[in-house]
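**Student:** Got a predicted structure here, sequence first:
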Amino acid sequence: MNETIRTLWRTNWLLVIAFAVALTLTVVFGIRTTAFFLYWSSHQNLPVAGWMTAGYVAKSYRVDIEVVREAIGLDPEGHDRRPIARIAADRGVPVIELIDDINEALRAAKPDAADERQ
């Protein structure tokens, strides 16, 4: 076995390095995919809170981000990543007002999600 590896290294060192890089990337992306799957499988339909961004709410409820952005008056095509609490503070409105708007939009977009939140 040791001799085989030495022979491969001497004759095809570039191929051995490419294989090692490919194997490393496969492991890294496999772990990353598993971590994302485990995280989002346990974070579905969480109650909307001020620390969440529009994208987080959309991903949690499995709706298009445009639904959430329109509910709080953001540009549907924009890239605003501020948390809901900061958007409310910038507008001078209570956070609960924006959360209520989001919940109404979620009920309209996905009526079965409202039952799961209770």
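**Tutor:** That came through, no problem.
**Student:** Give the other helices and strands that the top helix by length along the chain contacts.
**Tutor:** Criterion DSSP state H: the longest helix present in the chain is helix 2-41. Other helices and strands packing on helix 2-41, by 3 or more Cβ pairs under 8 Å, 6 or more residues apart in numbering; DSSP states H and E, are absent; none qualifies. Glycine gets a C-beta too; all of them are placed from N, C-alpha and C.
**Student:** average pLDDT for it?
**Tutor:** For helix 2-41, mean pLDDT is 92.
**Student:** Now the helix or strand that comes right after that helix: buried residues?
**Tutor:** Next helix or strand after helix 2-41 toward the C-terminus (DSSP states H and E): helix 54-61. Buried residues in helix 54-61, counted by 16 or more other Cβ atoms under 10 Å: A54, Y56, V57, A58, K59, S60, Y61.
**Student:** same deal with stretch 62-69?
**Tutor:** Across stretch 62-69, burial judged by 16+ other Cβ under 10 Å covers V63, I65, E66, V67, V68, R69.
**Student:** Identify the farthest-apart pair in those residues.
**Tutor:** V63 and R69 (10.7 Å; Cβ to Cβ).
**Student:** which residues touch R32?
**Tutor:** Applying Cβ atoms under 8 Å, 6 or more residues apart in numbering to R32 gives no contacts.
**Student:** any idea how far it lies from T26?
**Tutor:** Distance of R32 to T26, computed by Cβ to Cβ, to the nearest Å: 11 Å.
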